[in-house]
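S.K.: next come a sequence and a model predicted from it.
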Amino acid sequence: MTITKRTVADRIAAYLRHQITQGELVDWAERALMDGEFADEDTAVISAVGARLGVADVREFGLTWSDCEDLLRQLGFHARIEIVAA
């Protein structure tokens with residue numbers, strides 16, 4: 001499967017929606033960097049974002065909301081928050 005900017009953005013979104021854990025996001029990013037085929041025109045940005053996600057489980061790096069916004073911006077997306085009644 002070819003990994004596109006949308007693929008990476010969808011993974012970040014799943015993490016922000018608590019559908020996957022930070023560990024699952026990190027594992028996915030590490031596997032994608034090792035085994036993934038990137039869309040040729042986006043290889044540099046996908047690799048850079050994937051590398052950043054791959055170290056999110058290291059204390060010195062972490063992964064804040066602001067970090068996710070920045071990574072999404074690099075991919076050409078932005079996050080939007082919607083508040084709904086529980």
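M.R.: Alright, I've got the coordinates. Numbering: from 1, shown residues only.
S.K.: CA only for contacts and neighbour counts going forward, please
M.R.: OK.
S.K.: residue closest to the middle of this protein?
M.R.: Among the residues of the chain, residue 12 comes closest to the average C-alpha position under C-alpha atoms, centre = their mean, at 3.9 Å.
S.K.: so that residue is in which element?
M.R.: helix 5-16 (DSSP states H and E).
S.K.: residues in contact with whichever helix or strand comes after that helix?
M.R.: For helix 5-16, the succeeding helix or strand toward the C-terminus, using DSSP H and E, is helix 22-35. Helix 22-35 is contacted by residues 3, 11, 12, 15, 47, 50, 51, 53, 54, 55, 56, 57 when judged by C-alpha atoms under 8 Å, 6 or more residues apart in numbering.
S.K.: at 10 Å instead, please
M.R.: Here helix 22-35 makes contact (C-alpha atoms under 10 Å, 6 or more residues apart in numbering) with 1-3, 8, 11-12, 14-16, 21, 36, 38, 46-58, 62-63.
S.K.: for the protein, name the helix or strand with the lowest mean pLDDT.
M.R.: strand 37-38 (a mean of 89; mean pLDDT, DSSP states H and E).
S.K.: can you list the strands that that strand pairs with?
M.R.: strand 2-3 (parallel) (DSSP bridges).
S.K.: can you pull the contacts of the residue nearest to the residue nearest to the centre of the chain when sequence neighbours are not counted?
M.R.: Computed as C-alpha to C-alpha, 6 or more residues apart in numbering, the closest residue to residue 12 that is not its neighbour in sequence is residue 68, at 7.0 Å. Residues in contact with residue 68, defined by C-alpha under 10 Å, 6+ apart, are 9, 12, 13, 15, 16, 49, 53, 74, 78, 79.
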